[in-house]
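> next one to model:
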Amino acid sequence: MCKDVIFHEAVRDTYISVEKKAIHGIINMNNSEQSKTYYQEDLSIIVVKMNLSTTNDFVQIAAPGLYLKNYNLSCQFYDENGDGTWKADGCNTTPISDNVVECYCNHMTPFAVLLINLNYPTISEKQWEILSYISYVGCGLSTFFSATTVLSFIFNSNARAEVSSSIHVSLSGALFLLNMSFMLGEWAATLTVKEVCMFIAVTIHYSLLCSFTWMAVEALHLYLLLIRVFNIYIRHYMVKLSLIGWGVPAVIVGGLLSVNNMYGITEMKFSDTNATNQICWIRDPHVLYGVNIFYFSIVFLFNLAILITVSRQILRLRHVGNRHDKMQVWKDAGTVLGLMCLVGTTWGLAFFSYGYINYPILYLFCILNTMQGFYIFVWMCGTARKNRAQTPHSKSKSTLDSSK
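Residues are numbered from 1 along each chain as shown. Here you go, the predicted model:
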């Protein structure tokens, strides 16, 4: 049976129940019979009377003809008394040839040879461990600086008067929630209370979509400030942005929550061992890639288009002002790099490793994106310092309406 097909709990339980009745029906052999073989289009089964005192007995089972170009064979057992999933614990898969595998399990449980889709790549256990350390360090720093950004905004009246600062803080809040829930993902998967893991998985997904949405809001606000400039008065501007930034992800996640068993424990299988690692995340890979990749692709293309437009505007202003000194060039380059981190274009590195594992890109992706909260903190400090230097005796206000 394929994991991707027998996934939803209701379908899986019904399938298992029907399968058990069929197996019990054909197991009743005559005393003179030693074995029975049943071979159909989607099921191959051989029922054999075995002497349990003999430890070297092997049962040869012919599998249906399969097109295995994008699949791998894996011996796994159905954990009926656990979380109701297929697991490889205690089962070794030994390839004999291209279409023959030998399964050896050290426990008497129902097992099967599953088709593992190779379109969802896996990484080695050692690389996972290294990337986990990098991610935890980066997320820890990002969480600290995101919290610092939010607290500074709360206690700074001048910052609260700036719409741009409010948007930065909203993005920092989403990143704080994302990093905190991400760091709890593996721990929650070890708990016996499944609802905790489901809550963490929902929080991770919601905060991830919120982060993407606020990155798009950052790009939109940047476009209005630097490109449109005039005639951009919008009533209740910040309220409307907040409804978009926090509301759209809530609608998407709420819709997925209505589907049973969508969030919870997900197993990561390593490419070099039979070991697995459990995390709290989206359980359906089609939803995982379909929703997240589609949503981020729209945000990424929108932000990239605005970033290119803004960069051209900065370059044009530099030529108009005849500012060709090297110091100004470095400042403009720093501004563009800061905007790249602000609108989340570094998340686009995910496209370069989609469908396969590219470790240099994966390491760069983890380092840059787990530290995004720190980059926003530095950006806000630099912006505040620049505003104080330019207008030391007056409050700076946005051209957009920030009425509550």
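
> check which helices and strands the longest helix belonging to the chain sits against.
For the chain, the longest helix by residue count, based on DSSP state H, is helix 285-320. For helix 285-320, the packing partners by 3 or more CB pairs under 8 Å, 6 or more residues apart in numbering; DSSP states H and E come out as helix 194-223, helix 237-257, helix 326-342. All C-beta atoms are positioned from the backbone trio N, CA, C, and that covers glycine.

> try 6 Å
In terms of contacts (3 or more CB pairs under 6 Å, 6 or more residues apart in numbering; DSSP states H and E), helix 285-320 is packed against helix 194-223.

> which helices and strands does the helix it packs on pack with?
helix 163-183, helix 185-189, helix 237-257, strand 263-269, strand 276-282, helix 285-320.

> ok, now with 8 Å
Using 3+ CB pairs under 8 Å, 6+ apart, helix 194-223 sits against helix 163-183, helix 185-189, helix 237-257, strand 263-269, strand 276-282, helix 285-320, helix 326-342.

> which parts of that helix are buried?
For helix 194-223, the neighbour count (16 or more other CB atoms under 10 Å) marks 194, 196-223 as buried.

> re the thing from before, for the helices and strands packed on helix 194-223, which one ends up most surrounded?
Among those, the stretch with the highest mean neighbour count (mean count of other CB atoms under 10 Å) is helix 163-183, at a mean of 23.

> packing partners of that helix?
helix 125-154, helix 157-160, helix 194-223, helix 237-257, helix 372-390.

> quick one: closest of the ones you listed to Val169.
For Val169, the closest of the helices and strands packed on helix 163-183 is helix 125-154, at 4.4 Å, according to CB to CB.

> tell me the angle of that closest one relative to strand 276-282?
40 degrees (axes from the mean of the first three to the mean of the last three CA atoms, to 10 degrees).

> so which other helices or strands are in contact with helix 125-154?
Secondary elements touching helix 125-154 (3+ CB pairs under 8 Å, 6+ apart): helix 157-160, helix 163-183, helix 359-370, helix 372-390.

> Ala333: which of those is closest?
It's helix 372-390; of these, that one is closest to Ala333 (CB to CB) at 14.2 Å.

> so how far is the closest one off the chain centroid?
Computed by CA atoms, centre = their mean, to the nearest Å, the separation of helix 372-390 from the middle of its chain amounts to 29 Å.

> can you list the neighbours in contact with it?
141-143, 145-146, 148-149, 152, 159, 164-165, 168, 171-172, 175-176, 179, 338, 341-342, 344, 346, 396 (CB atoms under 8 Å, 6 or more residues apart in numbering).

> what does stretch 213-231 give?
Taking CB under 8 Å, 6+ apart as the rule, stretch 213-231 contacts 163-164, 167-168, 170-171, 174, 232, 241, 244-246, 248-249, 299, 302-303, 306-307, 309-310, 313, 339, 342-344, 347, 398-400.

> pLDDT of it, averaged?
Stretch 213-231 shows a mean pLDDT of 85.

> just give the number of residues close to Asn106.
Asn106 has 9 neighbours, counted by other CB atoms under 10 Å.

> what do you get for Leu224?
Neighbours around Leu224, by other CB under 10 Å: 17.

> just Asn72 next, same as before
Counted with other CB under 10 Å, Asn72 comes out at 16.

> C-alpha coordinates for whatever helix or strand it lives in, CSV please?
Element membership for Asn72, per DSSP states H and E: strand 71-78. Extracted in CSV, the C-alpha atoms of strand 71-78 (Å, rounded to 0.1, in the frame of the first residue of the first chain):
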residue,chain,number,x,y,z
TYR,A,71,9.8,5.2,-6.1
ASN,A,72,11.9,3.3,-3.6
LEU,A,73,10.9,0.1,-1.7
SER,A,74,10.8,0.2,2.1
CYS,A,75,9.8,-2.5,4.6
GLN,A,76,7.6,-1.0,7.2
PHE,A,77,5.0,-2.2,9.8
TYR,A,78,1.7,-0.7,10.6
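
> not counting residues beside it along the chain, what's closest to Leu364?
Using CB to CB, 6 or more residues apart in numbering and skipping the chain neighbours, the partner closest in space to Leu364 is Leu349 (6.0 Å).

> in the sheet, who's paired with Trp86?
With beta bridges defined as DSSP bridges, Trp86 has these partners: Tyr78.
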